[in-house]
Each structure stands twice: as C-alpha cells, then as structure tokens.
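**Q** fold the following, please.
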Amino acid sequence: MGLFFDDDMHRVDSDISYGHDIEASWLMLEAAQVIGNENLTDKTLEVTKNLAIAALEGMQPDGSMIYELHGNGKKDEERHWWVQAENIVGLTYLAKFHDMPEALDKAWLCWEYVKANIVDDKNGEWYWSRLPDRSINRRDDKAGFWKCPYHNSRMCLETSKQLTSMSNV
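**A** Residues are numbered from 1 along each chain as shown. Now for the predicted structure:
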C-alpha cells in the first residue's frame, strides 16, 4: 500500500508502513463484511490475508512491530504505540478469518511486548514509542493531537469482540 500520492493519485514514495498495512488488512475486511456482499467479502479475504502476511515482515522476535521500511532500504525501528495495537488486531483477524490459529500466539507475544515496554504502569496511558535503542521516547506526546487512546482502546474492544466470538479460544 502507499502512503503519499500526488494530486493525480500517483504514488510519490516507496516506503512500507507496517502499521498502516496491518491496520488496512483488518479494516478492509471489516468494511466488506459490513456491506454484506458475500462475493465482495470473499474477494477481500484473499487480498487482506496477503496484505496482513506481508506486513508481518515488520514483526520482530520480541513480538513488537517496527514502524517502517524506507524506499532506500533503511528501517525505522521505532516501536510506535499504535503500530503495536493494530498489529494485535490484525493478527487476531488472521487467526479468526484466515484460518491461521498460530497468529494468536504472535498477537499474545505483541501484547506481552506492549505491557512490558509501551504501557506506562506508573502514570497511565501508553508511551508514544520505544526508540531503536529500546529507551522510552519522551520527546513525543503521551496524549495530544496525534496521540490519544484511540488505537489502544479500539484494540482492546476489537480484540475482545473477535476472541469472544471464536469457538476455539
């Protein structure tokens, strides 16, 4: 998927945003399901599975997902709060709708990373990110115009909804 386009909708970057891709994978499937067209949902299932699996290139052995891969091959290895939240939802969707039960183990691993590294147990809320050296990013807001509990709250609600409806969990 692309991030930036010109006025004629030509892509003007070559970056890969793992968080946006995993988020789009489950949002597109949810949208197709809400529309209620079975043919559209069936077609969307294949596309969204491939998109989610491709996004998992950004997932690290500790369960976290890095932010981006730039077109020049350099990785932005920051672990943003919202990328972790969207990764957990996307993995839950892979398990439930794409017959990949092993994705729940990855979702759990990411959740363990979030609890240990992103959640501020002392003062509440989630930190913006962990920097590549694993230190807490204190230069960006814990709450503000671009940082609010939207992604993390939605992750909790959406994951709970999907897990509750799964018979094998």
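
**Q** show me where this structure has its helices.
**A** 18-35, 38-55, 81-97, 102-117, 150-164 (DSSP state H).

**Q** burial count for the nearest residue to residue 132 once chain neighbours are set aside?
**A** Leaving aside its chain neighbours, residue 132 sits nearest to residue 77 (4.1 Å; criterion: Cβ to Cβ, 6 or more residues apart in numbering). (Each C-beta comes from the backbone N, C-alpha and C, glycine too.) By other Cβ atoms under 10 Å, the residues close to residue 77 number 17.

**Q** OK, contacts around residue 77?
**A** Neighbour list for residue 77: 66-67, 132 [criterion: Cβ atoms under 8 Å, 6 or more residues apart in numbering].

**Q** among the residues you listed, which ones are buried?
**A** Buried residues within those, defined by neighbour count using 16 or more other Cβ atoms under 10 Å: 66-67.

**Q** mind checking pLDDT for the residue nearest to residue 132?
**A** pLDDT, residue 77: 96.

**Q** cool, and residue 149?
**A** At residue 149, pLDDT is 82.

**Q** that one touches residue 125, doesn't it?
**A** Yes. Between residue 149 and residue 125 a contact is recorded at 6.9 Å, counting by Cβ atoms under 8 Å.

**Q** and for the two, which residues touch both?
**A** residue 143.

**Q** now the residue of the chain most remote from its centre: how far from residue 68?
**A** Each residue of the chain has a distance to the centre, and by Cα atoms, centre = their mean the biggest one is for residue 8: 28.0 Å. Using Cβ to Cβ, to the nearest Å, residue 8 is found at 24 Å from residue 68.

**Q** now swap in residue 52 and tell me
**A** 17 Å.

**Q** so for these two, which residue has more residues nearby?
**A** residue 52 (26 against 20).

**Q** which residue packs closest to that one, ignoring adjacent ones?
**A** residue 25 (3.8 Å).
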